[in-house]
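K.L.:
Would you be able to build a 3D model of this:
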Amino acid sequence: MLREILNILRKEDLLTQAMKEVGNMIAISESMFRAAIDAVIGCKESYIDIYEKDKEIDEFEWDVRRKVMEHLLLSDKKGDVSVALFLTDAVRDIERIGDYSKNIFELTKICLTKVVVNDIHAKFFEEIKSQILEMFALIQSAYSEGDVKKAETAIELRFRASKKCDEFLNYLASEEGLQTEYTIIYTLLSEYLKRIIAHLKNIASIIVNPFRRMEIRAEESKKQ
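P.N.:
Purely as a prediction, here's the structure:
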(Lines give C-alpha, C1' and ligand atoms only; values in the text may rest on other atoms or scores of the structure.)
Protein backbone atom coordinates (compact mmCIF):
# COMPACT_ATOMS: atom_id res chain seq x y z
CA MET A 1 0.00 0.00 0.00
CA LEU A 2 2.79 2.41 0.91
CA ARG A 3 4.53 1.72 -2.41
CA GLU A 4 1.33 2.52 -4.33
CA ILE A 5 0.91 5.81 -2.47
CA LEU A 6 4.54 6.76 -3.17
CA ASN A 7 4.09 5.90 -6.84
CA ILE A 8 1.04 8.16 -7.10
CA LEU A 9 2.91 11.02 -5.45
CA ARG A 10 5.86 10.42 -7.75
CA LYS A 11 3.63 10.62 -10.83
CA GLU A 12 2.25 13.96 -9.72
CA ASP A 13 5.66 15.27 -8.77
CA LEU A 14 7.22 14.43 -12.13
CA LEU A 15 4.70 16.36 -14.18
CA THR A 16 4.61 19.24 -11.72
CA GLN A 17 8.40 19.44 -11.78
CA ALA A 18 8.45 19.35 -15.58
CA MET A 19 5.94 22.20 -15.77
CA LYS A 20 8.02 24.31 -13.37
CA GLU A 21 11.16 23.61 -15.37
CA VAL A 22 9.50 24.78 -18.57
CA GLY A 23 8.62 28.02 -16.80
CA ASN A 24 12.26 28.35 -15.74
CA MET A 25 13.38 27.70 -19.31
CA ILE A 26 11.23 30.53 -20.64
CA ALA A 27 12.67 32.91 -18.03
CA ILE A 28 16.26 31.85 -18.84
CA SER A 29 15.73 32.25 -22.59
CA GLU A 30 14.33 35.74 -21.98
CA SER A 31 17.40 36.70 -19.93
CA MET A 32 19.67 35.32 -22.67
CA PHE A 33 17.91 37.33 -25.34
CA ARG A 34 17.97 40.52 -23.27
CA ALA A 35 21.69 40.18 -22.53
CA ALA A 36 22.56 39.30 -26.14
CA ILE A 37 20.58 42.10 -27.78
CA ASP A 38 21.89 44.67 -25.29
CA ALA A 39 25.45 43.56 -26.06
CA VAL A 40 24.84 44.06 -29.77
CA ILE A 41 22.75 47.23 -29.78
CA GLY A 42 24.11 49.00 -26.72
CA CYS A 43 27.69 47.67 -26.61
CA LYS A 44 27.02 46.51 -23.05
CA GLU A 45 28.90 43.79 -21.25
CA SER A 46 26.72 40.74 -20.77
CA TYR A 47 25.57 40.47 -17.16
CA ILE A 48 25.18 36.70 -17.53
CA ASP A 49 27.28 33.90 -19.00
CA ILE A 50 25.23 33.25 -22.14
CA TYR A 51 27.01 30.00 -22.93
CA GLU A 52 26.36 28.61 -19.46
CA LYS A 53 22.72 29.64 -19.69
CA ASP A 54 22.49 27.88 -23.04
CA LYS A 55 23.82 24.69 -21.46
CA GLU A 56 21.32 25.12 -18.62
CA ILE A 57 18.45 25.28 -21.10
CA ASP A 58 19.73 22.15 -22.86
CA GLU A 59 19.90 20.30 -19.54
CA PHE A 60 16.38 21.42 -18.65
CA GLU A 61 15.11 20.25 -22.04
CA TRP A 62 16.42 16.73 -21.56
CA ASP A 63 15.21 16.63 -17.97
CA VAL A 64 11.70 17.73 -18.96
CA ARG A 65 11.54 15.11 -21.70
CA ARG A 66 12.74 12.42 -19.31
CA LYS A 67 10.24 13.35 -16.62
CA VAL A 68 7.36 13.57 -19.08
CA MET A 69 8.19 10.18 -20.56
CA GLU A 70 8.54 8.57 -17.14
CA HIS A 71 5.29 10.14 -16.00
CA LEU A 72 3.40 8.84 -19.04
CA LEU A 73 4.76 5.34 -18.47
CA LEU A 74 3.51 5.40 -14.90
CA SER A 75 0.29 7.36 -15.32
CA ASP A 76 -3.09 6.08 -16.47
CA LYS A 77 -4.69 9.54 -16.71
CA LYS A 78 -5.68 10.39 -20.27
CA GLY A 79 -5.70 14.10 -19.45
CA ASP A 80 -1.98 13.99 -18.78
CA VAL A 81 -1.25 13.31 -22.45
CA SER A 82 -2.22 16.83 -23.57
CA VAL A 83 0.01 18.36 -20.90
CA ALA A 84 2.87 16.06 -21.92
CA LEU A 85 2.50 17.03 -25.57
CA PHE A 86 2.47 20.70 -24.65
CA LEU A 87 5.63 20.42 -22.55
CA THR A 88 7.68 18.40 -25.04
CA ASP A 89 6.72 20.72 -27.90
CA ALA A 90 7.39 23.89 -25.92
CA VAL A 91 10.90 22.90 -24.82
CA ARG A 92 11.94 22.49 -28.45
CA ASP A 93 11.03 26.09 -29.24
CA ILE A 94 12.60 27.43 -26.05
CA GLU A 95 15.84 25.62 -26.82
CA ARG A 96 15.93 27.20 -30.29
CA ILE A 97 15.36 30.67 -28.81
CA GLY A 98 18.42 30.08 -26.64
CA ASP A 99 20.45 29.09 -29.70
CA TYR A 100 19.45 32.19 -31.65
CA SER A 101 20.14 34.43 -28.66
CA LYS A 102 23.61 32.92 -28.53
CA ASN A 103 24.00 33.60 -32.26
CA ILE A 104 23.05 37.24 -31.69
CA PHE A 105 25.65 37.57 -28.95
CA GLU A 106 28.33 36.08 -31.20
CA LEU A 107 27.85 38.95 -33.66
CA THR A 108 29.92 41.00 -31.22
CA LYS A 109 32.84 38.68 -31.95
CA ILE A 110 32.75 38.91 -35.73
CA CYS A 111 32.42 42.70 -35.80
CA LEU A 112 35.79 44.43 -36.24
CA THR A 113 34.69 47.49 -34.27
CA LYS A 114 33.25 47.82 -30.78
CA VAL A 115 30.05 49.34 -32.15
CA VAL A 116 28.09 46.50 -33.74
CA VAL A 117 24.98 48.57 -34.51
CA ASN A 118 25.50 52.28 -35.16
CA ASP A 119 23.18 54.96 -33.83
CA ILE A 120 21.45 55.48 -37.17
CA HIS A 121 20.17 51.91 -37.27
CA ALA A 122 19.86 51.19 -33.54
CA LYS A 123 16.34 52.64 -33.36
CA PHE A 124 15.04 49.93 -35.71
CA PHE A 125 16.40 47.15 -33.55
CA GLU A 126 15.37 48.85 -30.30
CA GLU A 127 11.76 48.80 -31.46
CA ILE A 128 11.97 45.12 -32.45
CA LYS A 129 13.67 44.33 -29.13
CA SER A 130 10.82 46.00 -27.20
CA GLN A 131 8.21 44.01 -29.11
CA ILE A 132 10.04 40.73 -28.49
CA LEU A 133 10.40 41.46 -24.78
CA GLU A 134 6.67 42.22 -24.69
CA MET A 135 6.02 38.84 -26.30
CA PHE A 136 8.20 37.18 -23.65
CA ALA A 137 6.28 38.92 -20.86
CA LEU A 138 2.90 37.94 -22.32
CA ILE A 139 3.95 34.32 -22.81
CA GLN A 140 5.42 33.97 -19.32
CA SER A 141 2.24 35.39 -17.85
CA ALA A 142 0.02 33.27 -20.09
CA TYR A 143 1.93 30.14 -19.12
CA SER A 144 1.92 30.76 -15.38
CA GLU A 145 -1.70 31.96 -15.25
CA GLY A 146 -3.19 29.82 -18.01
CA ASP A 147 -4.33 33.02 -19.72
CA VAL A 148 -5.16 32.21 -23.35
CA LYS A 149 -5.97 35.85 -24.19
CA LYS A 150 -2.42 36.93 -23.34
CA ALA A 151 -1.07 34.16 -25.56
CA GLU A 152 -3.33 35.36 -28.38
CA THR A 153 -2.03 38.91 -27.88
CA ALA A 154 1.53 37.59 -28.18
CA ILE A 155 0.62 35.93 -31.48
CA GLU A 156 -0.84 39.20 -32.80
CA LEU A 157 2.29 41.07 -31.73
CA ARG A 158 4.38 38.59 -33.69
CA PHE A 159 3.07 39.98 -36.99
CA ARG A 160 4.08 43.53 -36.12
CA ALA A 161 7.55 42.48 -34.96
CA SER A 162 8.22 40.32 -38.04
CA LYS A 163 6.98 43.09 -40.32
CA LYS A 164 9.43 45.49 -38.68
CA CYS A 165 12.29 43.10 -39.47
CA ASP A 166 11.19 42.94 -43.11
CA GLU A 167 10.90 46.74 -43.28
CA PHE A 168 14.45 47.11 -42.04
CA LEU A 169 15.80 44.59 -44.58
CA ASN A 170 14.03 46.50 -47.38
CA TYR A 171 15.50 49.73 -46.09
CA LEU A 172 18.92 48.11 -45.88
CA ALA A 173 18.76 46.96 -49.50
CA SER A 174 18.23 50.53 -50.68
CA GLU A 175 20.88 52.15 -48.48
CA GLU A 176 24.02 53.23 -50.30
CA GLY A 177 27.53 53.34 -48.88
CA LEU A 178 27.00 50.86 -46.04
CA GLN A 179 30.09 48.80 -45.30
CA THR A 180 29.87 45.14 -46.28
CA GLU A 181 30.59 44.10 -42.69
CA TYR A 182 27.55 45.97 -41.40
CA THR A 183 25.35 44.68 -44.20
CA ILE A 184 26.20 41.10 -43.20
CA ILE A 185 25.75 41.75 -39.47
CA TYR A 186 22.43 43.54 -39.90
CA THR A 187 21.10 40.83 -42.21
CA LEU A 188 22.07 38.09 -39.75
CA LEU A 189 20.67 40.02 -36.79
CA SER A 190 17.35 40.58 -38.57
CA GLU A 191 17.12 36.90 -39.45
CA TYR A 192 17.92 35.76 -35.88
CA LEU A 193 15.30 38.13 -34.51
CA LYS A 194 12.68 36.81 -36.93
CA ARG A 195 13.48 33.24 -35.86
CA ILE A 196 13.10 34.14 -32.18
CA ILE A 197 9.79 35.85 -32.94
CA ALA A 198 8.60 32.73 -34.78
CA HIS A 199 9.51 30.40 -31.91
CA LEU A 200 7.80 32.68 -29.38
CA LYS A 201 4.72 32.56 -31.58
CA ASN A 202 4.92 28.76 -31.57
CA ILE A 203 4.94 28.67 -27.77
CA ALA A 204 1.98 31.05 -27.63
CA SER A 205 0.15 28.87 -30.18
CA ILE A 206 0.69 25.80 -28.02
CA ILE A 207 -0.86 27.60 -25.06
CA VAL A 208 -3.87 28.59 -27.16
CA ASN A 209 -4.37 25.22 -28.85
CA PRO A 210 -1.80 22.48 -28.15
CA PHE A 211 -3.40 19.88 -30.42
CA ARG A 212 -3.55 22.25 -33.39
CA ARG A 213 0.14 22.93 -32.88
CA MET A 214 0.82 19.18 -33.00
CA GLU A 215 -0.97 18.98 -36.37
CA ILE A 216 1.14 21.83 -37.74
CA ARG A 217 4.33 20.11 -36.54
CA ALA A 218 3.29 16.91 -38.30
CA GLU A 219 2.56 18.80 -41.53
CA GLU A 220 5.94 20.54 -41.39
CA SER A 221 7.75 17.23 -40.85
CA LYS A 222 6.12 15.70 -43.95
CA LYS A 223 7.36 18.60 -46.11
CA GLN A 224 10.98 18.17 -45.00
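
K.L.:
What residues sit buried inside the longest helix anywhere in the chain?
P.N.:
As assigned by DSSP state H, the longest helix anywhere in the chain is helix 2-41. Across helix 2-41, burial judged by 16 or more other C-beta atoms under 10 Å covers 11, 14-15, 18-19, 21-22, 25-26, 28-41. All C-beta spots, glycine's among them, are computed from the backbone N, C-alpha and C.

K.L.:
same for it, what does it pack against?
P.N.:
For helix 2-41, the elements it packs on are helix 50-74, helix 79-110, helix 119-145, helix 180-208, judged by 3 or more C-beta pairs under 8 Å, 6 or more residues apart in numbering; DSSP states H and E.

K.L.:
Next, Glu176: secondary structure please.
P.N.:
coil (DSSP: H, G, I helix; E, B strand; the rest coil).

K.L.:
Which pLDDT value goes with it?
P.N.:
pLDDT recorded at Glu176 is 70.

K.L.:
Burial check on Lys44, number of neighbours?
P.N.:
12 (other C-beta atoms under 10 Å).

K.L.:
separation between the nearest residue to it once chain neighbours are set aside and Lys194?
P.N.:
Of all residues not flanking Lys44 in the chain, Asp38 sits nearest, at 4.6 Å (C-beta to C-beta, 6 or more residues apart in numbering). Distance of Asp38 to Lys194, given as C-beta to C-beta, to the nearest Å: 19 Å.

K.L.:
before we move on, the earlier item: now do the residue nearest to Lys44 against Lys123, distance only.
P.N.:
15 Å.

K.L.:
can you check Glu191 too?
P.N.:
For Glu191, the distance to Lys123 - C-beta to C-beta - is 19 Å.

K.L.:
State the number of residues packed around Ala173.
P.N.:
Neighbours of Ala173 (other C-beta under 10 Å): 10.

K.L.:
Same check on Asp147?
P.N.:
Neighbour number of Asp147 under other C-beta under 10 Å is 14.

K.L.:
Surely it is in contact with Ser141?
P.N.:
Yes - assessed by C-beta atoms under 8 Å, Asp147 is found in contact with Ser141 at 6.2 Å.

K.L.:
and for those two, which residues touch both?
P.N.:
Counting by C-beta atoms under 8 Å, 6 or more residues apart in numbering, no residue touches both Asp147 and Ser141.

K.L.:
Test my guess that Phe124 contacts Phe168.
P.N.:
Yes - counting by C-beta under 8 Å, Phe168 is a contact partner of Phe124 at 4.6 Å.

K.L.:
Quick one: residues contacting Phe124.
P.N.:
Per C-beta under 8 Å, 6+ apart, neighbours of Phe124: 164, 167-168, 171.

K.L.:
and if we set it to 7 Å?
P.N.:
Phe168 (C-beta atoms under 7 Å, 6 or more residues apart in numbering).

K.L.:
any idea how far Asn103 is from it?
P.N.:
Relative to Asn103, and taking C-beta to C-beta, Phe124 is found at 18 Å.

K.L.:
repeat for Tyr186
P.N.:
14 Å.

K.L.:
So between these two, which is more surrounded?
P.N.:
Tyr186 (23 against 16).

K.L.:
Nearest residue to the more buried one in space, please, no chain neighbours.
P.N.:
That would be Leu172: by C-beta to C-beta, 6+ apart, it lies 5.7 Å from Tyr186.

K.L.:
Could you report the neighbour count for the one you found?
P.N.:
16.

K.L.:
where's it, which helix or strand?
P.N.:
helix 148-174 (DSSP states H and E).

K.L.:
Report the buried residues of that helix.
P.N.:
150-155, 157-158, 161-162, 164-165, 168, 172.
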